[in-house]
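J.: Sharing a model that was predicted from the sequence below.
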Amino acid sequence: MILNIQKMVETAPALKIAIDGPAGAGKSTVARLAAKKLGYLYLDTGAMYRAATVLALRKGLSMEEPEEIAQAVAHAKIDLVHETGADGSPLLKVFLDGEDITFEIRSREVSLLVSPLSTIGPVRDSLVEQQRRLSEEGGVVLDGRDIGTVVLPNAEVKVFLTASAAERAKRRMKDFETRGENVSFDTVLKEIVERDKRDSTREIAPLKKAADAHEVVTDGMTVTEVVEKILEFCSHARAHERSRRELI
């Protein structure tokens, strides 16, 4: 796979920040905002797997054809482009072979298939290799389900974002409504619960909280409050690093 990331900044601090959690926990939103506050590169790993899912769908490949999917992904070109919205908020655009698929990757069809696709070994190996390469120098925020446990086990800051299934279903409902997709709350809730089970029990890189991760339950919290909590963890990590260096 050819993967290009357009950085928001050329020079970044050294911290590696890993944000994990189940579907609908708000990882992408807070990771993007935290990265902007810190001047870091934001790498949406979920968008990468979603782009691969769009590719598989367009080629008419089913999840029972893992080798064909891996081959298609190996020859695809995915671009993650950071932009700034009219209101100053950070935006991430996703391109597949030069076509903007930012809207398409968030469709319900893609949401239902991205989890099984992410268990295809060769696809995951390719993407994880790229994620690690882009994170080598630090100054990055990555979000996903296995960032703190598999992709960046040595990250200085690890956060596990979660919320009740009902709260996450409400958030997904708003996303689907914004997209004009009519889905019942019970259906979305059922899909959230089923995905939690798939993600946490899969053999390859299952969803789980890293032993040294800070757990943040986001029920009742605003996005701003969650971002501030992450920045607080970063401040503590920097202080710890300074103390460690002074002892050397």
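T.: Happy to help now that I have it. Numbering: from 1, shown residues only.
J.: count of residues packed around S126?
T.: Around S126 there are 19 other residues, counting by other C-beta atoms under 10 Å. The C-beta positions use only the backbone N, C-alpha and C, and glycine is treated the same way.
J.: Now do the phi/psi pair for it.
T.: When read as degrees, to the nearest 10, the backbone of S126 gives phi -60, psi -50.
J.: State the distance from it to A211.
T.: From S126 over to A211 the distance is 27 Å, taken as C-beta to C-beta, to the nearest Å.
J.: Going by contacts, tell me the helices and strands next to the helix or strand where A56 lies.
T.: Secondary structure assignment for A56, by DSSP states H and E: helix 45-58. Packed against helix 45-58 by the contact rule (3 or more C-beta pairs under 8 Å, 6 or more residues apart in numbering; DSSP states H and E) you find helix 27-38, helix 66-74, strand 77-84, strand 90-96, helix 108-117, helix 121-135, strand 140-144.
J.: from the ones you listed, which stretch is densest packed?
T.: When you average the neighbours per residue for each of the helices and strands packed on helix 45-58 (mean count of other C-beta atoms under 10 Å), strand 140-144 leads with a mean of 29.
J.: any idea which helix or strand comes after that one?
T.: strand 157-162.
J.: for that next one, the distance to its chain's centre please.
T.: Averaging C-alpha positions (C-alpha atoms, centre = their mean, to the nearest Å) puts strand 157-162 12 Å from its chain's average.
J.: do stretch 82-100 as well
T.: For stretch 82-100, the gap between its own C-alpha mean and the chain's C-alpha mean amounts to 15 Å (C-alpha atoms, centre = their mean).
J.: what sits up against that stretch?
T.: Among residues not part of stretch 82-100, those counted as contacts by C-beta atoms under 8 Å, 6 or more residues apart in numbering are 6-8, 32-33, 35-36, 42, 44, 47, 50-51, 54-55, 76-81, 101-102, 105.
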